[in-house]
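Trainee: Sequence plus the predicted model coming up.
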Amino acid sequence: MDKPDDPDDLVIVTGFKATRYRKLTPGQKTANRVLAADRAPVERGFAHLKNWRILTKLRTDPAHATHLLRALLVLTNIEAATGN
């Protein structure tokens, strides 16, 4: 059995959704804000990839996907570090 602090134990975190009859608590709203703040840079990165049209290369030659995605990860990390 896995320990609770096992880094290899992946967890998917989703936000909370309000309904007409059940409003979100302040804690759930805070959790949604934190999740959105973490998700924004990732979504921005995918938007850049779409603008660069770089993902079309993956469809033409999947053998280059690993090298291409590693290079894009480096560029994304540089961009995130500079705050652009």
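Mentor: Perfect, I can see it now. Numbers count the residues shown, from 1 in each chain.
Trainee: any idea which residue of this protein is furthest from its center?
Mentor: What lies farthest from the middle of the chain is Tyr21; by CA atoms, centre = their mean that is 30.5 Å.
Trainee: For it, give me the pLDDT.
Mentor: On pLDDT, Tyr21 comes in at 95.
Trainee: mind exporting stretch 29-41 as CSV, just the C-alpha atoms?
Mentor: Provided in CSV are the C-alpha atoms of stretch 29-41 (Å, rounded to 0.1, in the frame of the first residue of the first chain):
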residue,chain,number,x,y,z
LYS,A,29,-14.0,29.8,-3.6
THR,A,30,-10.4,30.2,-2.3
ALA,A,31,-9.5,26.7,-3.5
ASN,A,32,-10.9,27.6,-7.0
ARG,A,33,-8.8,30.8,-7.1
VAL,A,34,-5.6,28.9,-6.1
LEU,A,35,-6.3,26.2,-8.8
ALA,A,36,-7.0,28.9,-11.4
ALA,A,37,-3.8,30.7,-10.6
ASP,A,38,-1.8,27.4,-11.1
ARG,A,39,-3.7,26.6,-14.2
ALA,A,40,-3.3,29.9,-16.0
PRO,A,41,0.5,29.6,-16.9
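Trainee: Now do that stretch: distance to the chain's middle.
Mentor: 11 Å (CA atoms, centre = their mean, to the nearest Å).
Trainee: Now tell me what touches that stretch from outside.
Mentor: Residues outside stretch 29-41 that contact it (CB atoms under 8 Å, 6 or more residues apart in numbering): Val13, Thr14, Gly15, Phe16, Leu24, Ala80. Every C-beta, even on glycine, is put in place using the N, C-alpha and C of the backbone.
Trainee: which non-adjacent residue is nearest the third one?
Mentor: So the one you mean is Gly15. Sequence neighbours aside, Asn32 is the residue nearest to Gly15 in space, at 4.6 Å (criterion: CB to CB, 6 or more residues apart in numbering).
Trainee: Nice, that's everything, thank you.
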